[in-house]
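Peer 1: sequence unknown, structure follows:
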């Protein structure tokens, strides 16, 4: 979740816009699914915050990471093939350093 | 301007033969005054006979075959093969008005800076408008202007547009040459929006001409779900190319996210970032990556966000693929360790391979144990506190039952450091967090209990169909790949015509007696007692490993003391000795699994049987477990269910030298199925699939393996 108040406001705005859009389009089923997802997400955030895990199967729990291989894959009409390497306009060394810095800033390892 | 304008009209087809006739007839009926019309049909791999039908019925049209079902690639192929000053792209699930071409030209002639002109598109019923241009409707979603509207004067005037549809559009050749090729990563949908943006960036105007009219069967030959998928996917590509700083903000409004299709969201974002790196400088890329670092956890969670950035490194080609192999029993020299070491030795050729152990072991020991060089692999040791606290040398997942948290999470976290994670020794409670994961199952020893995670792996590799069957029964899972253990005991000195009267068994002397040496001794003894003539000169040799203090050896010796015939056993023979026994032996016996009810006590594969076959021994083996897959009964050996059958089949082979030779030849040939080269070939296939998952780009199925004509 966003750490700043602005981020939270933006998040709320995005969610509301989506909900209204779905309702206007008459896509109630998607709306209900999204509502459930959002409720799950907020509950898990709350659980983390108060240090309590209702389902403590794993310390690594997160909706996507834990369920990604268990759910049937979403509709995707494409297959895959290996493509030639792209030519980067961005300096690869700079991108590499940035990614490295981002990865080292994660604290997921401390939770194991 | 020349007197006659050359115009190439391109239409791209895919299984749309039923629609083409009306389209082509209407095209030929257009007013072509002052125009030399060149009709180009590019087929994307139709299977409905479109190509032959067009060639037979419309000889005035040129037909080219695209080698891939990729609309945008077909457009580029069309441009490369076009001849005119103007180039028209049009749908073929449509008919065109007589003034369709002249309507384009009227607009083009009005202003040299007009690069493209879009028609007025009606729905086929001709009462409502389909499109008079394209506009953004918010959040980088685009829609046709005038869509589903009644005819109105507001659509009767030519005017400039920000975006034009590729459904019916004429381009000035100089514009196409200036802007360059269409972006084939889009495949279909929104490629026109992207090209429109690029035209405008280069200073070309985009125009709408109401006098060029087309009647369109809306989504005549594509489905709505296909359209929505590509529009949602390509929206990220579009943003990454043209508005990269909006990428992070655009996630929450993505239809993938709104529909809960997080797998599609993850994947399309990865490719969007890749696209951004190809089009923008490092400063922009860095800003966007930092924005994504802040925003992505909202949608994916911390762990998957970490995986996303690590995945990006390898997708962008910034490092080699990292493979992690975890073996909680890697400090033992067992068959499972050898199997995975063979995998590692192949993988280290092109990946960074790292072993994860729980206990101290040197990879150089694998060279000593199995003669497998793993010098290019690295290793790390991660202790698991749960087992350390209990003074357990090996991590036994059976001990983990009522714990609140999973003790193997510490290993799970480390799997985040790899692109492909291989769980080498069936530790079923380990959750893989790498983008691609492989679970190697030698046999499903454990039932599904708390913390069961095997269903979270992408690939479930089995060593035999027997194992696969039990994976299915016990875990209700379908294996995805079968890799028979590689066997390499070929000896150039082995010759089916040069064999001794020797029956060989090679199996460990297990304390439990599961390899059934005593039963084999008793059978041979009985054969010699009952059939002294047939067994004269024959010998039974039992070879196998043992540990000091093995009480089963005492039992073997006791049985041997009262046995008939020549019987010998050898403990812990050197490999060179075993090779020589294989060379000399005519017959090979394998009885592990006899009268066993527990499936794990039956040989899951049976490497020694294959070793014997590679040396022209006739295998006579138990009709169970993996042996059934190795030996074809009556052809490349025999399979028995009782000791009487073992006796009978053995006497058959012993009594007919010629048959013995023929069967040995067939056994030898059969053994190639389990050779190292076959193992390597199947592993390469598995790894190719893993690489596709990791690095693959989308294609539409239906690609033809032919080169464009």
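Peer 2: Cool, got the structure. This structure is a prediction, so every number in the text was calculated from the model and none was measured.
Peer 1: got the phi/psi numbers for residue B:212?
Peer 2: phi -100, psi 110 (degrees, to the nearest 10).
Peer 1: hang on, it packs against residue B:99?
Peer 2: Yes. The pair residue B:212 / residue B:99 is scored as a contact, 6.9 Å apart, by CB atoms under 8 Å. Yep, even glycine has a C-beta here, placed from its N, CA and C like the rest.
Peer 1: the nearest residue to residue B:189 once chain neighbours are set aside: what's it in contact with?
Peer 2: When the adjacent residues along the chain are set aside, residue B:189 lies closest to residue B:230, with 3.8 Å between them (CB to CB, 6 or more residues apart in numbering or on different chains). Residues near residue B:230 by CB atoms under 8 Å, 6 or more residues apart in numbering or on different chains: A:77, B:186, B:187, B:188, B:189, B:190.
Peer 1: and if you look at residue B:88?
Peer 2: B:7, B:8, B:9, B:10, B:101, B:104, B:168, B:169, B:170, B:171.
Peer 1: just checking: which of those residues also lie near chain A?
Peer 2: When CB under 8 Å from any CB of the partner chain is applied, no member of those is adjacent to chain A.
Peer 1: which one of those residues sits closest to residue B:355?
Peer 2: Nearest to residue B:355, judged by CB to CB, of these is residue B:10 at 55.0 Å.
Peer 1: give me the three-state assignment for the closest one.
Peer 2: strand (DSSP: H, G, I helix; E, B strand; the rest coil).
Peer 1: what of residue A:29?
Peer 2: Here residue A:29 is recorded as helix under three-state DSSP.
Peer 1: ditto for residue B:540
Peer 2: Taking three-state DSSP, the label given to residue B:540 is strand.
Peer 1: report how many residues lie close to it.
Peer 2: Residues near residue B:540, counting by other CB atoms under 10 Å in any protein chain shown, number 27.
Peer 1: then the one 10 residues further on?
Peer 2: Neighbours of residue B:550 under the rule other CB under 10 Å: 16.
Peer 1: likewise residue B:227?
Peer 2: 14.
Peer 1: hmm, it is touching residue B:189, no?
Peer 2: Yes. The pair residue B:227 / residue B:189 is scored as a contact, 6.1 Å apart, by CB under 8 Å.
Peer 1: what does the stretch 151-300 of chain B have sitting close to chain A?
Peer 2: So the stretch 151-300 of chain B meets chain A at B:187, B:225-226, B:229-230, B:252-253, B:256, B:258-264, B:266, B:274, B:276-282, B:284-286, B:289-290, B:293-295, B:297-300 (CB under 8 Å from any CB).
Peer 1: which parts of chain A are helices?
Peer 2: Assigned by DSSP state H, chain A shows helices spanning A:5-24, A:28-49, A:63-67, A:92-105.
Peer 1: for chain B, see how far away the residue positioned nearest the centre of chain A is.
Peer 2: Residue closest to the average C-alpha location in chain A (CA atoms, centre = their mean): residue A:64, at 7.0 Å. Using CB to the nearest CB, to the nearest Å, residue A:64 is found at 5 Å from chain B.
Peer 1: need the contact list for that residue.
Peer 2: Counted by CB under 8 Å, 6+ apart, residue A:64 has contacts B:262, B:266, B:299, B:300, B:301, B:304.
Peer 1: the first one touches residue B:301, doesn't it?
Peer 2: No. Judged on CB under 8 Å, residue B:262 makes no contact with residue B:301 at a distance of 9.6 Å.
Peer 1: where does chain A have low pLDDT?
Peer 2: Across chain A, the ranges flagged by pLDDT under 70 are A:1-7, A:10, A:44-45, A:47-63, A:108-112.
Peer 1: right, I mislabeled it, should have said chain B
Peer 2: B:1-2, B:219-222, B:702-709.
Peer 1: buried subset of the contacts of residue B:230 as a ChimeraX selection?
Peer 2: Buried members of those, defined by 16 or more other CB atoms under 10 Å in any protein chain shown, are picked up in ChimeraX with:
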select /A:77 /B:186,187,188,189,190
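Peer 1: which one of the contacts of residue B:230 is nearest to residue B:613?
Peer 2: The closest of those, once distances to residue B:613 are taken by CB to CB, is residue A:77, at 46.4 Å.
Peer 1: wait, the closest one sits on residue B:229?
Peer 2: Yes. Counting by CB under 8 Å, residue A:77 does reach residue B:229; the two are 5.8 Å apart.
Peer 1: so how far is chain A from residue B:513?
Peer 2: For residue B:513, the distance to chain A - CB to the nearest CB - is 40 Å.
Peer 1: where's residue B:252, which helix or strand?
Peer 2: For residue B:252, there is no enclosing helix or strand under DSSP states H and E.
Peer 1: what does residue B:594 give?
Peer 2: With DSSP H and E as criterion, residue B:594 is part of no helix or strand.
Peer 1: pick the most buried one from the helices of chain A.
Peer 2: helix A:63-67 (a mean of 19; mean count of other CB atoms under 10 Å in any protein chain shown).
Peer 1: dump the contacts of residue A:64 into TSV; add neighbour count and distance to residue B:89 as well.
Peer 2: Below are the contacts of residue A:64 laid out as TSV (neighbours: other CB atoms under 10 Å in any protein chain shown; distance: CB to CB, whole Å):
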residue	neighbour count	distance to residue B:89
B:262	22	35
B:266	21	33
B:299	21	36
B:300	24	38
B:301	22	43
B:304	24	39
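Peer 1: now, the residues you listed that are in strands?
Peer 2: Among the contacts of residue A:64, no residue falls in strands (DSSP state E).
Peer 1: need the contact list for residue B:203.
Peer 2: Here residue B:203 is in contact with residue B:113 (criterion: CB under 8 Å, 6+ apart).
Peer 1: and the residues of the stretch 151-300 of chain B next to chain A, which are buried?
Peer 2: B:187, B:226, B:229-230, B:252-253, B:256, B:258-264, B:266, B:274, B:276-280, B:282, B:284-286, B:289, B:293, B:295, B:297-300.
Peer 1: could you work out the most separated pair of the contacts of residue A:64?
Peer 2: Spatially, the most separated pair among the contacts of residue A:64 is B:266 and B:301, at 11.0 Å (CB to CB).
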